[in-house]
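Below are the sequence and a predicted model for it; my questions follow.
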There are 4 protein chains.
Amino acid sequence: MSYSVAVSGASGYAGGELLRLLAEHPDVEIRTVTAHSNAGQPLIQHQPHLRSLAHLTLQDTTPEILAGHDVVFLALPHGQSGQYTDALGDAALVIDCGADHRLVDEGDWDAFYGGAFHEPWAYGVPELPVGGAKQRERLVGATRIAAPGCNASTVSLSLAPGVAAGVIDPSDIVSVLAVGPSGAGKSLKTHLLGAELLGTANPYAVGGTHRHIPEIRQALRAAGATGDIRISFTPVIVPMARGILATSTARIADGATDAQIRDAWEQAYAGETFVQLLPEGQVPRTADVLGANTALIGLAIDRAAGRVVVVTAVDNLAKGTAGAAIQSMNIALGLPEGRALTVNGVAP
Amino acid sequence: MSYSVAVSGASGYAGGELLRLLAEHPDVEIRTVTAHSNAGQPLIQHQPHLRSLAHLTLQDTTPEILAGHDVVFLALPHGQSGQYTDALGDAALVIDCGADHRLVDEGDWDAFYGGAFHEPWAYGVPELPVGGAKQRERLVGATRIAAPGCNASTVSLSLAPGVAAGVIDPSDIVSVLAVGPSGAGKSLKTHLLGAELLGTANPYAVGGTHRHIPEIRQALRAAGATGDIRISFTPVIVPMARGILATSTARIADGATDAQIRDAWEQAYAGETFVQLLPEGQVPRTADVLGANTALIGLAIDRAAGRVVVVTAVDNLAKGTAGAAIQSMNIALGLPEGRALTVNGVAP
Amino acid sequence: MSYSVAVSGASGYAGGELLRLLAEHPDVEIRTVTAHSNAGQPLIQHQPHLRSLAHLTLQDTTPEILAGHDVVFLALPHGQSGQYTDALGDAALVIDCGADHRLVDEGDWDAFYGGAFHEPWAYGVPELPVGGAKQRERLVGATRIAAPGCNASTVSLSLAPGVAAGVIDPSDIVSVLAVGPSGAGKSLKTHLLGAELLGTANPYAVGGTHRHIPEIRQALRAAGATGDIRISFTPVIVPMARGILATSTARIADGATDAQIRDAWEQAYAGETFVQLLPEGQVPRTADVLGANTALIGLAIDRAAGRVVVVTAVDNLAKGTAGAAIQSMNIALGLPEGRALTVNGVAP
Amino acid sequence: MSYSVAVSGASGYAGGELLRLLAEHPDVEIRTVTAHSNAGQPLIQHQPHLRSLAHLTLQDTTPEILAGHDVVFLALPHGQSGQYTDALGDAALVIDCGADHRLVDEGDWDAFYGGAFHEPWAYGVPELPVGGAKQRERLVGATRIAAPGCNASTVSLSLAPGVAAGVIDPSDIVSVLAVGPSGAGKSLKTHLLGAELLGTANPYAVGGTHRHIPEIRQALRAAGATGDIRISFTPVIVPMARGILATSTARIADGATDAQIRDAWEQAYAGETFVQLLPEGQVPRTADVLGANTALIGLAIDRAAGRVVVVTAVDNLAKGTAGAAIQSMNIALGLPEGRALTVNGVAP
C-alpha cells in the first residue's frame, strides 16, 4: 500500500529534509507540497538539491489542500499548526514538526512561547525512556504526533538514561551545544548571513531563555526524574550548515559506581538502531551523523569534576527533525521503523 | 631604544603570530628566527602571510643562536623550553609560550604532562585578579615569563572575578569551548586534516583529561578561591581556523544578588583595555576578536538554573598566546602595555 | 542473487564512500575490506560514520585476500593497482578507482604519472558521448573498469557535448575548479591541515601540471574533438569537505547559434538520470549534489566574450569516484543502473 | 596635523573595514559615522569588533552631516553617491567606495548599472599601469577618488602588466574568482544565508553579466590594450567570510618568450609594497592577505595550453575596497602611502 503524503512548509529547511527522506520511502507517495509566500512556484526553485521532485509545484498552505491525505506533515513556524489540525479530520495521521503540540504544561508554553496553548501530542522520540518503557509505545497507532525540537531531543536522549536509572542528579545540568544555522530556519536575519557565520562561533539565547529548555525538563521528568530539574542551556552557532554536538554534564549521584553509570546508558539503548552508545573512550563528531537518522553518544565519567559528561552528535534536520518525524510515522503506521532512514552519515 | 628579539618555533602557528605582531612593534628588531626541521629555509616559505619578514631565514634552535638577544620567545612543544633557559643568561628576557613554566604544583605537572618539572615563572595574563591585586604587578621587571595556555587563560579570565568576589562557587564549574584547530599546532595528525574538520564539530579530551585544567585551577586559586576547585572541561574543535568561544558556568553563591554578581566582573575589569565586560544582554562572537588582543566577556545570570553563565571570546593565537606574550613583554620592559596590540578584530 | 564484494583502501576517503553506497545496495554483500598500515583494526575506527559496517575488520591488501569475490574495488594510490590485477582471475569484475588503467596513451602516462604503464580499461563515465554513442555501451558486461578522476570526469562531462556537436572549439579550453580537500585523500600533508584550509582559497598545480589534464583531453578526443585539444586547468581548494564546482569555458565555434549550442547539451543528456542540464539561467551549487550521484550542469552563452561557460557541480567522492564506480558496476552486472544511487543531494 | 573624517555606510561591511583601518591611522580623527536605517544607534551594535570606536553613534547620512570634514568616505550602494557630492564643497577630499564614479564610458554604465551617469573620478588603484606611468600619479592631490570594485581591481592588477607589455592577448581573457560573501554586502538575501553558503560553492552572474566587467576592460584599456578586450568572468562564492582568489588566463602573444612574460610583471610591480609578484613556482592563498592591503600574484606560463595563468589573492574588504581607499587618501593628502596599512596577513 502506498500512503499519500502532504508536506507543508516545503520550501524551508525542515520541509526540504522531510522531502529528501520521503523521496526514498517505498511506501509513500508525495502528493502535495505547500508553502506560504512561495506558493505557485516550482519546488525545485527552493530545493534545488531535490532533483527527483522537480515535477512538484508548491501549493498554498490551507486546510483544504492539506486535507484528504493519509499523512500530513506540518513544518510551520510555531503557533501556526493549531489552525490546521481541526480541518484535517480523524483519518489522517498528522505530524507536527513545530512546537505547538510538544509541551504538556501550559505554564511552560506561556513562559517560553506565548499565544494559544494546544494539547500535547505523542512525542516523536521513540527511544526516549518513559518510566520503565519507551516513548515508542505511545507512537504505535498514534494519529497525532509532535516531532521533537532538535536541541531538546539531543539533550534529552543524552541524559534520560542516567536520570531514569538514578545515577545522575537532574537538579544541576549544564548543556552547551555547537549547532549549525539550518536549525534557525531559512529566515532573513542579519546574524544568520554567511559573512556573519563563516569562521566564527556565535552564542545566542544565553542565560536560560532558549525555548527548548522546558521540553528537555519535560522529557527528563517523563523519564523518571524527581525533584527539581534545572538546566543551564547555551547554544553556540558554529560554521557548519547542519549538525548538533551537545556536551551535557550532570553531577554523579551519590554512590553511583562507574559500572552502574555506564550500564544505565547501555541498557537504555541496547537494541536501538538509531541511538547508539559509543564504546568507552570514544566520542562522536557531527560528520558521523550527517544526513543520517542516528544519535551517537559518547559517555565519560569525570570523577575529579564529579560529573558525567555526555557528548551527543545529531543531524538537526535528520534525526533532530525530519528523520524523527518519519521514524515516528513508520511506527504509527506499522511499517518497519527504519524504513527510508539510514544509520550511516555522509563523511568526510 | 630597540630591543633585539629572537623567536624560536618560528615556522609554527604560535611563532608566526608572535612575528606578525612583533613586525609592527616600533621598539623591537626581529633579529633571529629559529626552527628545528625547517632550519635553513626561508621563513616566508612557512609563513607566506608575513610579507614584511620575507628577508629572514630560519636558523637552528640552539641555545647559542638564541643567546645574546634582549628578548627570547620560546614557542616550542612542551618539555623543550627548559633545556634552553640556562644558556640564555641573566640579562635576557625570556618568554615561554609553552607549558613548561606555568604550573606551580609538581603533582599537577606529573599528572597532566610528565617529564622534568620546571620552576614556575611569572604568569603572562596581566588582567587576572591575584588576591586583591592583578597578575600585572608580577610582570613588571620580570625576566622570565610563562605565556598562558589559550584555553586556560580564557576560562580563568571568565571566572576569576566571580571567584575573587565570592559570588560564584568554584567547586562545580563547567566549561565547554568551541575552538579552532590552530590551537593544536601545525602537526600532521589525521584528525586535524581539513577534510576531517570542515563542516563538523569534533570534541576531544573529554572527561577531565585536558592539560589546561590544572592551569585554570591554579589561576582561580590565586584569584582567591578556597576549598575544592572542580572543573568539567570539554573542548570542541569547530570549523574556524582560529578562535575560542568558552561557555563557562558556575553555581551562584548563596545569597549573591544580581547586582553583586555583575559588579564583581565590572570591578575586576574596570579600566582594562584588553579584557572587556560587555553590557548586559550582549555576548561576543569569536569574529569580534580575530587578530585582536581582546578578551570579550558576556555575562548572564540564570536564576532558574542557579548558575552564572560567562561566554568569552578570545583569539587563541593572539590574546590567547602571542598577544599575551607581547603584552607581558611590554610590561616587563616598561613599554606602554598595549604597544603593537589592537583591540579591534578583523570582521566579518 | 547477491554479489560478494571486496573493497581495498577501505580506510581512505574513496574507500569510505564506496562502502557508504554499497551498504545500501540490495544486491551486494560487503565481504572484505582491506587496508595497508591499518590492517587488523576495526573499520569503524577509520570510518566512524559507517555505523552499519561496525562489524567489519580491515584485512591486509593482498591479491590472495582480494581474490575470490564477484566484484573487487581498488581504491589505492596510483601505481599500485596493477600488481593486484593478474592475481584476481578472469571471473571477477575489477573496478579501479585509481589512475592506473585510465589513460590510453603511454606518453601521457609517462609525462604526468610515470612508472609502469598499464592497459586502459573501460572508462566509468557512462553518460560521456563517445563518437555517436555513449561510454555506457562499453561498460555492459565489462570485467575491468577504470573509475574516472573526479576533476577529469567533471570537466569532460561539461564540455563533451559541445565538442561532439562541433559548437565549441576544443583548442583553447579554460577550466577553473573549486574543489574540496577530500579529493586529495586522507594524506598527512601540511597544506591539507584544517588550519591551513579553513577560511581560505588555495590554488595548486597551477600552469598545466595537474594529472587529470590528459584524461580530459582523451575524453574529449573520444567525444569527437579533432585537431589540437588544449586545456588551461587550475584547481583551487576551498573550505568544503567535498565537492567540485568546475567553471569551464571554450570559444564558440564559428557560426554556431545559441539554439545549436544549447541543443548540443540537451541532446547529449536527454534521458540521463545522473547528468542533468539545468534550465536556462540556472547554475548549480555543490550543495545540490552532496552525497548524490548527480552531475548538474549550468550553461551560459557569453557572446561578448565569445565563449560558452559551463558550470558543473559534482560530489567528488560520489559521482566523481565511488558513485561512478558503482553505477558502472551496475551496468557491467546488468543491474538497474541507478541502484543504490540517488539524484538528491543533502542540503543545506 | 589631524584630518577630520566622516564615513557613511558605517554599519555595513565596507564601512566597517574603513573604520577598522582608520582607527589605527595616526593622522586621522574619525569624527562622524553615518547610516540610513540604523541612524541613532551605537556603532558598536553593528560593528561589535570595533572596540576602540565604541563611543561613536551612527548619524543620518545627509549632505549636511557629511559636509565640513577634511575627508569623506562614501560606502553606499551604487547610485547613491552622486546626490551627496555637490553638497560636499570643494575643500573636502571625497572617496567613493561605490561604483558611481568609476566608469568613463556612459554606455558601459547604462549597460551594466543604469540610472544617472556620473563623471569619472581618479581611480584608486595606485599600482595599476596607465600607459607608461601608474595610476598613482593621478591620485596625488586628487580631491575626488573612486575606490575600485574589489573583483575588478584584482583582475586588472593580475593582467595589466602583460597587456601593457604586449606579451598577452587581451581579446580572450578568462577569469574565474573564488570570493567570500562579504563582497555582496550585509544584505538580507536568501542565497547569502550561512546555511546556504557553508560547505558549498555557489556561482553567480555567470555568462558575462557581472558589473565589474566594464571596469576591468577600462583598466586594461588604460594600461595599453589595443583592439578588442574580451573577458569571460565568473565569480564563485565559497565558504570564507572574506577574500578573492582570482584565476585569470590570457593567451600568450605571438613570439613572447617566457623571460619577456615574467619580466613584464616583475617590472610593473618592482618597488611596489602592496602588489607583489611571488617567485616562480609560488601561488598565493587568500589567507596570506587576510586583513592586509596586499595583492599577491602568482604567475605561471602554460605553453601546452598557450596561456599565461595569473592567480591573485586579495582581501576584498581591505586592498579590494577600504585599504585601496585609504592608500589613495594617503597619496592624495601627501602622507606616506602605506600609513595604517599592513602587508602582513592574519593567518592561519
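Structure's in. What do you need?

need the residues of chain A near chain D, please.
Contacts of chain A with chain D, taken as C-beta under 8 Å from any C-beta of the partner chain, map to A:13, A:180-182, A:184, A:186, A:188-190, A:192-200, A:237, A:239-242. (Glycine included, C-beta is placed from N, CA and C.)

And the lengthiest helix in chain A, what does it pack against?
Counting by DSSP state H, the longest helix found in chain A is helix A:150-165. Using 3 or more C-beta pairs under 8 Å, 6 or more residues apart in numbering or on different chains; DSSP states H and E, the elements in contact with helix A:150-165 are strand A:129-130, strand A:168-179, helix A:213-223, strand A:231-237, strand A:244-252, helix A:258-269, strand A:295-302, strand A:307-314.

where's the third one relative to the chain centroid, distance-wise?
Shown here is helix A:213-223, whose average C-alpha point lies 14 Å from the average C-alpha point of the whole chain (C-alpha atoms, centre = their mean, to the nearest Å).

CA atoms only: put it into PDB for me.
The C-alpha atoms that make up helix A:213-223 are tabulated as PDB, following Å, rounded to 0.1, in the frame of the first residue of the first chain:
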ATOM      1  CA  ILE A 213      14.500  24.100  27.900                       C
ATOM      2  CA  PRO A 214      11.000  23.200  29.100                       C
ATOM      3  CA  GLU A 215      10.900  20.500  26.500                       C
ATOM      4  CA  ILE A 216      14.000  18.900  28.000                       C
ATOM      5  CA  ARG A 217      12.700  19.200  31.500                       C
ATOM      6  CA  GLN A 218       9.500  17.500  30.500                       C
ATOM      7  CA  ALA A 219      11.300  14.700  28.800                       C
ATOM      8  CA  LEU A 220      13.500  14.100  31.800                       C
ATOM      9  CA  ARG A 221      10.500  14.200  34.100                       C
ATOM     10  CA  ALA A 222       8.800  11.600  32.000                       C
ATOM     11  CA  ALA A 223      12.000   9.500  32.100                       C
END
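
now for it, which elements pack on it?
So helix A:213-223, by 3+ C-beta pairs under 8 Å, 6+ apart, packs with helix A:106-112, strand A:129-130, helix A:150-165, strand A:231-237.

can I get those in JSON lines with distance to A:T342, mean pLDDT and mean neighbour count?
Compiled in JSON lines, these are given as follows (distance: least, C-beta to C-beta, whole Å; pLDDT from 0 to 100; neighbours: other C-beta atoms under 10 Å in any protein chain shown):
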{"stretch": "helix A:106-112", "distance to A:T342": "33", "mean pLDDT": "95", "mean neighbour count": "15"}
{"stretch": "strand A:129-130", "distance to A:T342": "24", "mean pLDDT": "94", "mean neighbour count": "22"}
{"stretch": "helix A:150-165", "distance to A:T342": "18", "mean pLDDT": "98", "mean neighbour count": "28"}
{"stretch": "strand A:231-237", "distance to A:T342": "26", "mean pLDDT": "98", "mean neighbour count": "26"}
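
Quick one, which of those gets closest to A:A142.
Evaluated with C-beta to C-beta, the helices and strands packed on helix A:213-223 place strand A:129-130 nearest to A:A142, the distance being 13.7 Å.

what does the helix or strand following that closest one rub up against?
Sequence order places strand A:133-134 as the next helix or strand after strand A:129-130, per DSSP states H and E. By C-beta atoms under 8 Å, 6 or more residues apart in numbering or on different chains, the surrounding residues in contact with strand A:133-134 are A:P126, A:E127, A:L128.

same thing but at 10 Å, please
For strand A:133-134, contacts defined as C-beta atoms under 10 Å, 6 or more residues apart in numbering or on different chains pick out A:V125, A:P126, A:E127, A:L128, A:A268, A:E272.

Would you mind getting the angle between the longest helix of chain A and strand A:307-314?
140 degrees (axes from the mean of the first three to the mean of the last three C-alpha atoms, to 10 degrees).

Just give me how far the lowest-mean-pLDDT helix or strand in chain A sits from the chain centre.
Within chain A, no helix or strand scores below helix A:82-85, which has a mean of 81 by mean pLDDT, DSSP states H and E. Distance of helix A:82-85 from its chain centroid, counting by C-alpha atoms, centre = their mean, is 21 Å.

List the buried residues in it.
Across helix A:82-85, burial judged by 16 or more other C-beta atoms under 10 Å in any protein chain shown covers A:G82, A:Y84, A:T85.

isn't there a strand covering A:E29?
Yes. According to DSSP: H, G, I helix; E, B strand; the rest coil, A:E29 belongs to a strand.

so what's it scoring on pLDDT?
A:E29 is assigned 98 on the pLDDT scale.

Buried deepest among the helices and strands packed on helix A:150-165, which one?
Comparing the helices and strands packed on helix A:150-165 by mean neighbour count (mean count of other C-beta atoms under 10 Å in any protein chain shown), strand A:307-314 comes out on top with a mean of 30.

helix or strand right after it?
Next along from strand A:307-314, by DSSP H and E: helix A:323-333.

Between strand A:307-314 and that following helix, find me the angle.
80 degrees.

Ok, which of the helices and strands packed on helix A:150-165 comes nearest D:N316?
strand A:231-237 (23.3 Å).

Please see if that closest one touches chain B.
Yes. Strand A:231-237 reaches chain B (C-beta under 10 Å from any C-beta of the partner chain) through A:I231, A:S232, A:F233, A:T234, A:P235, A:V236, A:I237.

Against A:H212, how distant is the fifth one?
Counting by C-beta to C-beta, to the nearest Å, the gap between A:P235 and A:H212 amounts to 9 Å.

what residues are shared contacts of those two?
A:N151, A:S175, A:L177, A:A205.

can you redo those as TSV with distance to D:S8?
Formatted as TSV, the shared contacts of A:P235 and A:H212 follow (distance: C-beta to C-beta, whole Å):
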residue	distance to D:S8
A:N151	41
A:S175	44
A:L177	39
A:A205	34
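
Closest to chain C out of those residues?
The closest of the shared contacts of A:P235 and A:H212 to chain C turns out to be A:N151 (C-beta to the nearest C-beta; 17.5 Å).

The closest one contacts A:R211, correct?
Yes. Counting by C-beta atoms under 10 Å, A:R211 is a contact partner of A:N151 at 9.1 Å.

which neighbours do these two share?
A:A205, A:F233.

List the contacts of the residue nearest to A:A160 when sequence neighbours are not counted.
Among residues not flanking A:A160 along the chain, A:A223 sits closest, at 4.0 Å (C-beta to C-beta, 6 or more residues apart in numbering or on different chains). Shown in contact with A:A223 (C-beta under 10 Å, 6+ apart): A:128-131, A:135, A:156-157, A:159-165, A:170, A:268.
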